[in-house]
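Colleague: no sequence on this one, just coordinates:
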């Protein structure tokens, strides 16, 4: 658990330390891979902060002008990506997992050997499948919330 926590903490945009595992060894290629993963995580975190701020501003502006049709579009668009990704994952998880890594990484350092990078024992393929399912479900819930807010504001503006 300490090794997992160290990896999660390392991937935060607030962490400035090098990655070290309390009880596991790490190869040079494993270190490079985790540095690449951190860049992706930090990029996503910055993107989320920026889009959250912009979204709050734009949503507030749209609601004040009583223009809530954007919620329907946002809901539909938000559903499309996870449904497509979910179908691909359900059809062939191994191929989807490999394709993701081939798109995101320009090397094969993501293919771990448990002898040199035992961290793979606490991050098996099934762990990432569960993460993908959770992300897809959270996006779908967000889409349903958009539809719910649209319905709520529509009734409120009609009165």
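Modeller: Happy to help now that I have it. From a predicted model like this one, the values you see are computed outputs, not experimental measurements.
Colleague: so where is this structure shaky, pLDDT-wise?
Modeller: Low-confidence segments of the chain, defined by pLDDT under 70: 158-159.
Colleague: so which residues of it form helices?
Modeller: 2-10, 28-64, 69-91, 93-104, 125-158 (DSSP state H).
Colleague: residues touching residue 32, list them.
Modeller: Residues near residue 32 by Cβ atoms under 8 Å, 6 or more residues apart in numbering: 107, 109. Yep, even glycine has a C-beta here, placed from its N, CA and C like the rest.
Colleague: repeat that for 10 Å
Modeller: For residue 32, the contacting residues are 105, 107, 109, 110, by Cβ atoms under 10 Å, 6 or more residues apart in numbering.
Colleague: most centrally placed residue in this structure?
Modeller: Nearest to the mean C-alpha position of the chain, by Cα atoms, centre = their mean, lies residue 135 at 6.2 Å.
Colleague: contacts only, for the closest residue to that residue other than its chain neighbours.
Modeller: Nearest non-adjacent residue to residue 135, counting by Cβ to Cβ, 6 or more residues apart in numbering: residue 82, 7.5 Å away. By Cβ under 10 Å, 6+ apart, the contact set of residue 82 is 89, 132, 133, 135, 136, 137, 138, 139, 140, 142, 143.
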